[in-house]
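[1] Pasting the sequence and the predicted coordinates here, then a few questions.
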Amino acid sequence: MAETISVQQSRELDQKTINEVGIPSLVLMERAALKIYGDLLANDELDLTKVLVLVGSGNNGGDALDVARLLETHGFDTSVLLIGKPQSRSEQMERQLQICDYYQVKHVFLDEDFGQYTTIVDGLFGSGLARAVEGDFATAIDKANQSGVKIHAIDIPSGLNGDSGEVMGTAVKATSTSTLAYAKTGMVLSQAKPYTGKIFVDDIGIYLHDHYEE
Ligand SMILES: NC(=O)C1=CN([C@@H]2O[C@H](COP(=O)(O)OP(=O)(O)OC[C@H]3O[C@@H](n4cnc5c(N)ncnc54)[C@H](O)[C@@H]3O)[C@@H](O)[C@H]2O)[C@H](O)CC1
Ligand SMILES: [K+]
C-alpha cells in the first residue's frame, strides 16, 4: 500500500492543489467522480441495476451527486437521497445538485425502502466528519447497513474516523471504498476493514510531492 495521510493532511492537500497549484475544486471533483464511477463499473462484486446514492451537504456529497449524474447519463437506474440542512450545503455540492436536476435524477427520502436497491453509494461525509453521527445521518447509515445491500463508500466510509479507524457513533460498513489521492491512516488499520472493504486509491491530481507515486 502506498503512503497514507492524515485527514488534516488530506484537507490541506485539497486546498493546496486548489489555491497554490491552481486546479479548480470542481475540476478535482469531476476527476474524483470519473474515477469513482470507473471503480463502480470495475468492481464485479457490485450490481449497478438500481443504485441509491446517499448525499451529504458538503463536497463528499458533491462527489456523490457527480457520480449519480454519471450513472444516470449512462443508463443506470439511479436515485439520490439528500441528508442535511439545505442552508449548510457547499457551493460545489449545490452546483452538482443543479446538474443532477438538469438530468432529472430521481429524489427519494429517508422513509425509502433501501432493500429494493442493488447498490448503495455513500457520499454523506468524507474528510469533513467532525463529531459523532446522529439524527437523520445516523438513521441513513443504520438503514443502509441493515438493508443487506452492498455499499460503496466515497473517500472515507461515513462515520469512520479517518485517523483512528474508530466508529463515531455509527459508520457505513462498505463492501468497497474509493478513497481520493491517498488512503487515510485510520482506513488501513485492521479494525477499519469491516467498514472500508476493498480500498481503491484514486489518482485525481492531488500529490504530496508534486508528482504521482504508484
Ligand atoms: N475540492 C476539494 O476540496 C475536494 C474534496 N473532495 C471531497 O470533499 C470531501 C470533503 O468535503 P467537505 O465539504 O470538507 O466535508 P464533508 O463533505 O466530508 O462533510 C460535510 C459536512 O458535514 C458536516 N459534518 C461533519 N460532521 C458531521 C456530523 N457528525 N453530523 C452532521 N454534519 C457533520 C460538516 O459541516 C461538513 O462540512 C472529501 O472527503 C472528498 O470526498 C473531492 O473529492 C476532491 C476535491
Ligand atoms: K463517505
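    Sure thing, it's come through. Ligands and ions are numbered 1, 2, ... in the order given.
[2] ok, the spatially most central residue of the chain to Gly123 distance?
    Central residue of the chain (C-alpha atoms, centre = their mean): Ile154, 2.2 Å from the mean position. To Gly123, Ile154 is 5 Å away according to C-beta to C-beta, to the nearest Å. For the C-beta atoms, the positions are set from N, CA and C on the backbone; glycine is no exception.
[3] sorry, back to before: hey, what's the residue nearest to the centre of the chain bridged with?
    Ser178 (DSSP bridges).
[4] Need the residues touching each of Ile154 and Gly123.
    Common neighbours of Ile154 and Gly123 (criterion: C-beta atoms under 8 Å, 6 or more residues apart in numbering): 60, 63-64, 67.
[5] Packing partners of the one helix or strand Tyr195 maps to?
    Remark: Tyr195 resides in helix 193-196, with elements defined by DSSP states H and E. When contacts are defined as 3 or more C-beta pairs under 8 Å, 6 or more residues apart in numbering; DSSP states H and E, helix 193-196 sits against none of the other helices and strands.
[6] and it, how far from the chain's centre?
    14 Å (C-alpha atoms, centre = their mean, to the nearest Å).
[7] Quick check: what element follows that helix along the chain?
    Taking DSSP H and E, what comes next after helix 193-196 is strand 198-202.
[8] helices or strands next to that following strand in the packing?
    Against strand 198-202 (3+ C-beta pairs under 8 Å, 6+ apart) you get helix 25-42, strand 176-180.
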